[in-house]
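Trainee: starting from these lines, generate the structure:
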Amino acid sequence: MLGSFLQIPVDPDLVAKVDSTASTVKEATGAMLATIKEDPNAALQTMGQDALHLLLKVLIAVIIYVVGAWLIKKISKAIHKSMERRKTDRAIVTFTTSLVSITLTVLLIVVVIGTLGINTTSLAAVLAAGGMAIGLALSGTVQNVAGGLMIIAFKPFKAGDLIEAQGYLGTVTEVSIVATKLHTPDNRVITLPNGALSSGTINNYSPRPARRIDIDLPFEHGTDLDMLRATLLTIVDKDERILKEPFEGEGSAPSILVCDIDKDAVTVRTRFWCKNEDYWPLYFGMRETLYTKLGKAGFKFAANRLDVKQS
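Mentor: Numbering: from 1, shown residues only. From the prediction side, this is the model:
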């Protein structure tokens, strides 16, 4: 049973090819040894010439690679500077320069391989034969490259925009071929794959010049709404960052609205607009201002009450 278990089927054609290769190597080795025995000086001279030719090929290949890498670096910098002079979006600049650099590097490697005497046609055939396996292994990368092209083409955001995507909020700092980098408010750098980013929901906070802020505050029942509305408008009017009229065709004057009434409170919404760059300072600062000044003005905020009945 053990003997049958250890038996491994062997392809006869494969065995024949191995035997043929071994015979060829053996014949070549024998011919070289015979040549050395007959005329050692000529054999050594031939070997020296072959070694010199190989050394020259390697030297030329190294020179081509070094010069080519230097030229690729210069070309990438020239493209980067040219696009910056035209005030092209930084996301497009980084994407284009990285794409050009990778493409030229691949071409340089092919030229270097050809200089060494390796048949690039055979190499291309080998790569084509393994293309399916490579494609499967790099399917995620290909998807990210396609996503990067979609982002560059449709421009859902640009470098410098504040976006929220894939559960992260941050400012776009770079868009490369396969990924986009965000700088978060707490000083982290988040790298998002372009494939998932391009196919998901992107919330861009930056394109519009003005944004609206809504602040809801609960007050006790019996609060004088007219006096409360006047007090809120006075507080809002004193802040110069709050827009009193539309800015670049967007927004409106501040307004005070009753947005909810329940058994515990009357909820009043303070709604106003501001420039995009003033949004976050006002978002947090105005809440503190309203809480402090309304308390000093005698208005009472509502609290949830628990009624306990005794029988």
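Trainee: which strands or helices does the helix of greatest length in the chain pack on?
Mentor: Longest helix in the chain, counting residues (DSSP state H): helix 40-85. Where contact means 3 or more Cβ pairs under 8 Å, 6 or more residues apart in numbering; DSSP states H and E, helix 40-85 is packed against helix 12-38, helix 90-115. Any C-beta I mention is one placed from the backbone N, CA and C, and that applies to glycine too.
Trainee: quick one: average pLDDT of the last one?
Mentor: Meaning helix 90-115. The average pLDDT for helix 90-115 rounds to 80.
Trainee: now the residue nearest to residue 93 when sequence neighbours are not counted: how far from residue 195?
Mentor: Closest residue to residue 93 apart from its sequence neighbours, by Cβ to Cβ, 6 or more residues apart in numbering: residue 83 at 4.7 Å. Distance of residue 83 to residue 195, given as Cβ to Cβ, to the nearest Å: 25 Å.
Trainee: which of the two has more neighbours?
Mentor: residue 195 (21 against 17; other Cβ atoms under 10 Å).
Trainee: need the contact list for residue 289.
Mentor: Going by Cβ atoms under 8 Å, 6 or more residues apart in numbering, residue 289 touches 235, 239.
Trainee: show the low-confidence segments of the stretch 51-200 of the chain, by residue range.
Mentor: 119-140 (pLDDT under 70).
Trainee: who's in contact with stretch 164-173?
Mentor: Contacts for stretch 164-173 (Cβ under 8 Å, 6+ apart): 91, 157-163, 180-185, 188-190, 192, 196-197, 200-203, 205.
Trainee: so which of the residues you listed belong to strands?
Mentor: 162-163, 180-183, 189-190, 192, 202-203 (DSSP state E).
Trainee: and the two most separated of these?
Mentor: Within the ones in strands among the contacts of stretch 164-173, 189 and 203 form the most distant pair, 19.4 Å apart (Cβ to Cβ).
Trainee: list the contacts for residue 175?
Mentor: Per Cβ under 8 Å, 6+ apart, neighbours of residue 175: 90-92, 94-95, 148, 151-152, 159, 181, 194.
Trainee: any idea how far residue 166 is from residue 180?
Mentor: With Cβ to Cβ as the criterion, residue 166 and residue 180 are 10 Å apart.
Trainee: hey, what's residue 301 bridged with?
Mentor: residue 219 (DSSP bridges).
Trainee: quick one: contacts for it?
Mentor: Applying Cβ under 8 Å, 6+ apart, the residues near residue 301 are 217-220, 291, 294-295.
Trainee: so how far is residue 266 from it?
Mentor: Taking Cβ to Cβ, one finds residue 301 at 11 Å from residue 266.
Trainee: all strands of the stretch 201-311 of the chain, in order?
Mentor: 202-204, 210-219, 242-243, 255-261, 266-275 (DSSP state E, counting those that start in this stretch).
Trainee: just put those in a markdown table and tack on mean pLDDT.
Mentor: A markdown table is the format used below for the strands of the stretch 201-311 of the chain (pLDDT from 0 to 100):
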| stretch | mean pLDDT |
| --- | --- |
| strand 202-204 | 94 |
| strand 210-219 | 95 |
| strand 242-243 | 94 |
| strand 255-261 | 94 |
| strand 266-275 | 95 |
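Trainee: mind checking which of those is nearest residue 54?
Mentor: strand 202-204 (54.9 Å).
Trainee: that closest one pairs with which strands?
Mentor: strand 162-165 (antiparallel).
Trainee: quick check: next helix or strand after the partner strand?
Mentor: strand 168-175 (DSSP states H and E).
Trainee: can I get that following strand in PDB, CA atoms only?
Mentor: What follows is strand 168-175, C-alpha atoms only, in PDB (Å, rounded to 0.1, in the frame of the first residue of the first chain):
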ATOM      1  CA  TYR A 168     -13.500  59.600   7.800                       C
ATOM      2  CA  LEU A 169     -13.500  63.400   7.900                       C
ATOM      3  CA  GLY A 170     -10.500  65.300   6.600                       C
ATOM      4  CA  THR A 171      -8.900  67.700   4.200                       C
ATOM      5  CA  VAL A 172      -7.700  66.200   0.900                       C
ATOM      6  CA  THR A 173      -3.900  66.600   0.600                       C
ATOM      7  CA  GLU A 174      -3.000  64.300  -2.200                       C
ATOM      8  CA  VAL A 175      -4.600  62.100  -4.900                       C
END
